[in-house]
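Undergrad: Based on what follows, work out the 3D shape:
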Amino acid sequence: MWYAGKGATAHFEDVGHSSTTRAVMDEIYVGDIDAATILSKVEYKPPKQSHYNHDKTPRFVIKVLQILVPLLILGFAVGMRFYTK
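TA: As a prediction, the model looks like this:
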């Protein structure tokens with residue numbers, strides 16, 4: 001038996017399964033895993049990305065506008081409130 005890529009026979013025996021469980025295991029047993037087919041650990045290499053220059057991208061302009069537009073609207077509303085008093 002295998003558990004997390006390692007042999008699980010000792011874990012199965014430690015739990016103390018009943019004879020019924022052992023009979024069911026014999027019925028549903030598929031076979032052994034061929035160790036040659038198990039993939040080895042592969043080192044992850046992140047893809048190379050270009051340096052992000054936030055001053056020259058349209059995203060920077062959008063972020064600035066997301067801050068400035070609500071402030072301008074608020075300033076306009078406050079100005080109109082004082083003007084109409």
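
Undergrad: And the strands in the protein, which stretches?
TA: Ranges of strands in the chain, per DSSP state E, are 2-3, 6-7.

Undergrad: ok, of these, where does mean pLDDT dip lowest?
TA: Sorting the strands of the chain by mean pLDDT places strand 2-3 lowest, at a mean of 60.

Undergrad: for residue 14, what are its contacts?
TA: Residues near residue 14 by CB atoms under 8 Å, 6 or more residues apart in numbering: none. In short, each C-beta sits where N, CA and C put it, glycine included.

Undergrad: and with 10 Å instead?
TA: Contact analysis of residue 14 by CB atoms under 10 Å, 6 or more residues apart in numbering lists residue 8.

Undergrad: pLDDT at it, what is it?
TA: In this model, residue 14 carries a pLDDT of 70.

Undergrad: Please tell me how far it sits from residue 8.
TA: 10 Å (CB to CB, to the nearest Å).

Undergrad: what about residue 8, how many neighbours?
TA: For residue 8, the neighbour count with other CB atoms under 10 Å is 13.

Undergrad: What's the per-residue pLDDT of it here?
TA: For residue 8, the predicted pLDDT is 73.
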